[in-house]
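J.: based on what follows, work out the 3D shape:
(2 chains, ligands or ions: 2)
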Protein chains: 2
Amino acid sequence: MKLNIAVLAGDGIGPEVSDQAIKALNAIALEFDHKFSFNYAKVGGAAIDDCGDPFPQKTLELCKTSDAILFGAIGDPKYDNAEIRPEQGLLKMRKELGLFANIRPVKAFDSLLDKSPLKTHLIKDVDISIYRELTGGIYFGKKEVSQDGNYASDLCEYSKKEIERVAHLAFKAAKARRQKVTLIDKANVLETSRLWRRTVTELSKAYPEVKLEYLYVDNAAMQMILNPKQFDVILTENMFGDIISDEASVIGGSIGLIPSASIGDKYALFEPIHGSYPEANGKGIANPIAAILSAAMLLEHFGLFDEAEIINYAVEKSLKLGITTPDLGIKHEEISTSKVGDFIADFISNPT
Amino acid sequence: MKLNIAVLAGDGIGPEVSDQAIKALNAIALEFDHKFSFNYAKVGGAAIDDCGDPFPQKTLELCKTSDAILFGAIGDPKYDNAEIRPEQGLLKMRKELGLFANIRPVKAFDSLLDKSPLKTHLIKDVDISIYRELTGGIYFGKKEVSQDGNYASDLCEYSKKEIERVAHLAFKAAKARRQKVTLIDKANVLETSRLWRRTVTELSKAYPEVKLEYLYVDNAAMQMILNPKQFDVILTENMFGDIISDEASVIGGSIGLIPSASIGDKYALFEPIHGSYPEANGKGIANPIAAILSAAMLLEHFGLFDEAEIINYAVEKSLKLGITTPDLGIKHEEISTSKVGDFIADFISNPT
Ligand SMILES: [Mg+2]
Ligand SMILES: [Mg+2]
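T.: Residues are numbered from 1 along each chain as shown, chains lettered A, B, ... in the order given. Ligands and ions are numbered 1, 2, ... in the order given. Reported below is the predicted structural model:
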């Protein structure tokens, strides 16, 4: 397969961890006879420094002419009080590329069970895929402040169409997994949640093999701690997804390991969920696993399941052998970001 | 002190657990020479059965002529698909009585540390008080559905005044505790959150001894699991408070133990956070601790701190001795709801 991949490495540790993902993809290309080409563009603070815009037109154009986007991380404390901030590029990028679905796995790696804040028996074998709507709801609705500044409002809006497109992705994923979708909403109070429930219930009839369950968001926040194993695919709106997926991200023991995909009708972007971690910049201590697993999600997106599986397997191997950066606290010789990337690329070429 | 207390015991296990709270209050009255009188009114399913309204006028009137309200629990599966449901009484009651602040403690009892889904070192000594705004925000804002049913919206609104009144309660509480308030919002995205942040920051100047910290709600959902000990008083808006306080409720190991207060300018209501648990109705297995601790919060509200402390101490004693209902799984002879209430009342009269 031929793939043109746009690399938006961004700020802080973004470039370092993206480099390791590219190493893994190059190793896969070699082994499986694919042709992956990488083209770079600036985003976030790096783009502000370059041209004053955190998501410049030429970056948008590269994204639009690529098959997929590999994203690093953005953000730098030097912009904390600036007018134009790196994060402003994010919402713009999602909207302009129509990335309406955010997908995040929640998994517990056996070698890291003792890192979880939750007790081991609760977290062992957890395997969740969270589908969050990403371009609608209250984050994008009309915002108002009164002239005297004493009143403010935010509008949460959804249309049936916005719900259906992400719901279809979630049900398709569930079909290939353990055949269960849990819709998280607040349908006992919110009108938009009732629209979600009606729309998803109706649409679920097209997937008779998939079981649909409903959970109020406040209860979901409890269940994620009490019994995360009950979940297979979670489907939810933008803000609930933001809260629940971040909550879920810590139960696996390290957010340095979690990749994500943001998918639209035309474009697809893959990125670690962690930030730019500027304190670690250039020290070789950034954990590249989330970026590497994001590359595996990219491969899966194009149906390259065997290729993705080898990357996942290589990552598990590296964790088991303790070939990891110091953040995981696995006692071993000091292993740098780049060394972890090398190990994974080598393992792809010589899996033993 | 003379107090007229309205008892709205409600449905399911509501009456059973409220009875135990009244036992404790009667024991306190006797020991401390107070005069507590109890007047009963119907609410929830019991009120629908009686007159077709889950929060009837005569119940409202009793509340308005009482010093405080002791609330049990409402809800019954027989109303699941009914036009009028018990829960509809709740929002109406909060609004009509102007109960704008909901207060929930999150504590880990030493004798129950092993019940927590979180690891013991994370949960030991946790002591949080959550102040949630209860009558504003998206739960009460304008709701719309388009005629064709394909579009829906919910409006989140806040005024400075609504924020200030609950914020003052939170800062006063923090002053008497560990002098820290954490404001949970989503000020990087929402206009209402920015109004919360401006208003609370300004108001905090009147409490120079209290440290104010800010946390985005998605990060807060993570921090509540990673390090709940960092929190003293949490202050937040209605929906974020719903999600975060429910999440927090499970880290202590049992939601059967958590009381709450809902406070307004004129009225104050005290209730366990658990539901009506109809399956347990009449079996004598309902845990009365949350209701009894709600009675302690009632006493604190009227400045009766010594009295409240004795109840809290009696509860800890009952847990330590294993004089608890079977839900806590403490191996011991079978102890009924009523027996737990008797023990606590006896202990108040003869603390040894
Ligand atoms: Mg987030
Ligand atoms: Mg709730």
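J.: can you report phi and psi for the residue of the stretch 51-200 of chain A found nearest ligand 2?
T.: Ranked by Cβ to the ion, the top residue of the stretch 51-200 of chain A for proximity to ligand 2 is residue A:186, at 9.1 Å. C-betas here are computed from N, CA, C, even on glycine. Phi and psi for residue A:186, reported as degrees, to the nearest 10, are phi -140, psi 60.
J.: do residue A:317 as well
T.: Here residue A:317 shows phi and psi, under degrees, to the nearest 10, equal to phi -60, psi -50.
J.: could you list the domains of chain A?
T.: Following the assignment in automatic domain parsing, chain A carries domains at A:1-100+A:264-352, A:101-253.
J.: measure stretch A:261-277 end to end?
T.: Stretch A:261-277 stretches 20 Å from its first residue to its last (Cα to Cα, to the nearest Å).
J.: same check on stretch A:172-180?
T.: First-to-last residue span, stretch A:172-180, Cα to Cα: 10 Å.
J.: what does stretch A:276-283 give?
T.: Termini of stretch A:276-283 sit 13 Å apart (Cα to Cα).
J.: buried stuff in it?
T.: By neighbour count on 16 or more other Cβ atoms under 10 Å in any protein chain shown, the buried set for stretch A:276-283 is A:276-278, A:280-281.
J.: how about the strands of the stretch 251-352 of chain A, start to end?
T.: A:259-263, A:268-272 (DSSP state E, counting those that start in this stretch).
J.: what of chain A?
T.: Residue ranges of the strands in chain A, as given by DSSP state E, are A:2-10, A:35-40, A:68-73, A:101-107, A:127-133, A:143-145, A:151-159, A:180-185, A:211-216, A:233-236, A:259-263, A:268-272.
J.: now mean neighbour count, distance to chain B and mean pLDDT too, for those strands, in CSV please.
T.: Listed next are those as CSV, based on neighbours: other Cβ atoms under 10 Å in any protein chain shown; distance: least, Cβ to the nearest Cβ, whole Å; pLDDT from 0 to 100:
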stretch, mean neighbour count, distance to chain B, mean pLDDT
strand A:2-10, 21, 18, 98
strand A:35-40, 14, 28, 98
strand A:68-73, 25, 16, 97
strand A:101-107, 23, 12, 96
strand A:127-133, 23, 11, 98
strand A:143-145, 15, 4, 97
strand A:151-159, 23, 4, 98
strand A:180-185, 23, 10, 98
strand A:211-216, 18, 9, 97
strand A:233-236, 27, 12, 98
strand A:259-263, 23, 14, 98
strand A:268-272, 25, 16, 97
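J.: select, out of these, the one closest to residue B:203.
T.: strand A:151-159 (15.8 Å; Cβ to Cβ).
J.: name the residues that touch the closest one?
T.: Residues outside strand A:151-159 that contact it (Cβ atoms under 8 Å, 6 or more residues apart in numbering or on different chains): A:133, A:136-138, A:140-146, A:190, A:192, A:195-196, A:237, A:239, B:138, B:141, B:150-160, B:190-192, B:194-195.
J.: how many residues are close by the nearest residue to residue A:122 once chain neighbours are set aside?
T.: Once flanking residues are discounted, residue A:122 sits nearest to residue B:117: 5.6 Å by Cβ to Cβ, 6 or more residues apart in numbering or on different chains. Residue B:117 sits with 23 neighbouring residues when counted by other Cβ atoms under 10 Å in any protein chain shown.
J.: report the contact partners of residue B:117.
T.: Per Cβ under 8 Å, 6+ apart, neighbours of residue B:117: A:118-119, A:122, A:225-226, B:250-251, B:253.
J.: at 10 Å what do you get?
T.: Going by Cβ atoms under 10 Å, 6 or more residues apart in numbering or on different chains, residue B:117 touches A:117-119, A:121-123, A:222, A:224-228, A:251, B:123, B:225, B:250-253.
J.: mark which of these are buried, thanks.
T.: Looks like those have A:117-118, A:122-123, A:222, A:224-225, A:228, A:251, B:123, B:225, B:250-253 buried, using 16+ other Cβ under 10 Å.
J.: by pLDDT, give me the weakest of the residues you listed.
T.: In terms of pLDDT, residue B:253 ranks lowest among the buried ones among the contacts of residue B:117, with 85.
J.: spell out which parts of the stretch 101-250 of chain A neighbour ligand 2.
T.: Listed as neighbours of ligand 2 in the stretch 101-250 of chain A under the rule Cβ under 5 Å from the ion: residue A:218.
J.: a markdown table for the domains of chain A, including distance to residue B:350?
T.: Converted to a markdown table, the domains of chain A look like this (distance: least, Cβ to Cβ, whole Å):
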| stretch | distance to residue B:350 |
| --- | --- |
| domain A:1-100+A:264-352 | 51 |
| domain A:101-253 | 38 |
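J.: which one, of these, ends up nearest to residue B:165?
T.: Nearest to residue B:165, of the domains of chain A and by Cβ to Cβ, is domain A:101-253 at 13.6 Å.
J.: contacting residues around the closest residue to residue A:35 other than its chain neighbours?
T.: Of all residues not flanking residue A:35 in the chain, residue A:2 sits nearest, at 4.5 Å (Cβ to Cβ, 6+ apart). Residue A:2 makes contact with A:29, A:34-37, A:67 under the criterion Cβ under 10 Å, 6+ apart.
J.: what sits against the residue of the stretch 51-200 of chain A closest to ligand 2?
T.: A:192-194, A:196-197, A:215-220, A:237, A:240, B:138-139, B:154, B:239, B:242-243.
J.: now the strands of chain A in CSV, with distance to residue A:85?
T.: What follows is those, written out as CSV (distance: least, Cβ to Cβ, whole Å):
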stretch, distance to residue A:85
strand A:2-10, 13
strand A:35-40, 22
strand A:68-73, 14
strand A:101-107, 21
strand A:127-133, 23
strand A:143-145, 17
strand A:151-159, 20
strand A:180-185, 30
strand A:211-216, 34
strand A:233-236, 27
strand A:259-263, 20
strand A:268-272, 18
